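K.L.:
Predicted model and sequence follow; I will ask about them next.
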Amino acid sequence: MALHNTWVVLMLVLSLRGQVQTGEIIGGRPAVPYSRPYMVLLEMRMSKDKSRLCDGFLISDKFVVTAAHCQARTYDVFVGLHKFKNDPPPKAIQVSRAIPHEDFNNKTKINDLMLLQLSEKVNFTDHVRPINLASQGDHLPQRCIVSGWGSTSEDNQGMASELREVNVTLVNPPLSAVPHVYFSLGEIGPSQGDSGGPLVCDCEVAYGVVSCGTKDLKVYTKIPDYLGWIEGHIRKK
């Protein structure tokens, strides 16, 4: 499919269905244990006692970045996690304040970004450490990786037993009218289940947040465009 047509299909899907969320690592590999110490697993309590999972990532000892469409009634935050199913999980940390972007649009997923302020400080170790955020700039990063605990194929909707990762290559947007996002083409990459994880590029710097997509196109909220928003809310703590 041509690049322009792929983007048009994505916009139609996002506008009409409004629930295209991404996250499972398709075509990836197991991550080296604890090699992504900034990764966070979010267990979200929804209405009527339902729960679901998203990813996030530490940017300080009190704040996690994730996607705005990962909003919930309450959260259990797990840091220092590698295996999801077999090992006893670490102690859950609660969220004292959720800060979704005020202009987030749940239908189009524009401004799909949220900060979570933790109720207690995280103790940094070899297995738990924040990641730096990309500063302002318009260059297209190279050598990017996405990590997550989502399922490993479109047919398998269960969570992976351990953290997985996949390399993705970003491409220039065909339409200048679509602001504040990066995207990659192809089936390999994130898909259903692991929204909110980091797009990590150029020597372990977080450039984006896994947001939404289709089978052939994945979209990431562009962190450099929101750096002022993030820093402003952190200063308000």
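P.N.:
Structure's in. What do you need? Numbering: from 1, shown residues only.
K.L.:
which residues touch S211?
P.N.:
S211 makes contact with Q21, T22, A67, H69, K109, D112, V181, S195, V219, Y220, T221 under the criterion CB atoms under 8 Å, 6 or more residues apart in numbering. For every residue, glycine as well, the C-beta is placed using N, CA and C.
K.L.:
and with 10 Å instead?
P.N.:
Applying CB atoms under 10 Å, 6 or more residues apart in numbering to S211 gives the contacts 14, 20-23, 67-69, 109-113, 181-183, 190, 195-196, 199, 218-222.
K.L.:
Now, these that are in strands?
P.N.:
Those of the contacts of S211 mapping onto strands are V181, Y182, F183, L199, K218, V219, Y220, T221, K222, per DSSP state E.
K.L.:
When you filter those down to buried only, what's left?
P.N.:
Among these, those classed as buried by 16 or more other CB atoms under 10 Å are V181, Y182, F183, L199, K218, V219, Y220, T221, K222.
K.L.:
ok, of the residues you listed, which one's closest to A98?
P.N.:
Nearest to A98 out of these is T221 (CB to CB; 16.2 Å).
K.L.:
Correct me if wrong: that closest one contacts V209.
P.N.:
Yes: counting by CB atoms under 10 Å, T221 sits close enough to V209 to count as a contact (4.3 Å).
K.L.:
intersection of neighbour lists for the two?
P.N.:
Common contacts of T221 and V209 (CB under 10 Å, 6+ apart): V65, A67, A68, D112, L113, M114, V181, Y182, G196, L199.
K.L.:
Among these, which one is most surrounded by other residues?
P.N.:
Each of the shared contacts of T221 and V209 was scored by neighbour count (other CB atoms under 10 Å); the top score is that of G196, with 32 neighbours.
K.L.:
Give me the neighbour count for the closest residue to that residue other than its chain neighbours.
P.N.:
Distances taken as CB to CB, 6 or more residues apart in numbering place T66 nearest to G196, at 3.4 Å, with adjacent residues excluded. Neighbour count for T66, taken as other CB under 10 Å: 29.
K.L.:
Wait, T66 touches H101, no?
P.N.:
No: counting by CB under 10 Å, T66 stays clear of H101, with 11.3 Å between them.
K.L.:
Overlap of the contact sets of the two?
P.N.:
Taking CB under 10 Å, 6+ apart as the contact rule, T66 and H101 both touch D112, L113, M114, L115.
K.L.:
Nearest to R164 among those?
P.N.:
Closest approach to R164 among the shared contacts of T66 and H101 (CB to CB): D112, at 22.0 Å.
K.L.:
how much space between the residue nearest to I131 when sequence neighbours are not counted and R73?
P.N.:
Take I131 and drop its neighbours on the chain: the residue closest to it by CB to CB, 6+ apart is Y38, 3.9 Å away. Computed as CB to CB, to the nearest Å, the Y38 to R73 distance reads 25 Å.
K.L.:
Tell me which of those two has more neighbours.
P.N.:
Between Y38 and R73, counting by other CB under 10 Å, Y38 is the more crowded of the two (22 against 13).
K.L.:
how about that one, phi and psi?
P.N.:
Note on Y38: backbone dihedrals following degrees, to the nearest 10 are phi -90, psi -10.
K.L.:
got it, and G197?
P.N.:
Here is the backbone geometry of G197 (degrees, to the nearest 10): phi -70, psi 170.
K.L.:
In contact with it: list those residues for me.
P.N.:
G197 touches 22-23, 25, 36, 38-41, 54-57, 65-67, 146-150, 163, 165, 190, 206, 208-210, 220, counting by CB under 10 Å, 6+ apart.
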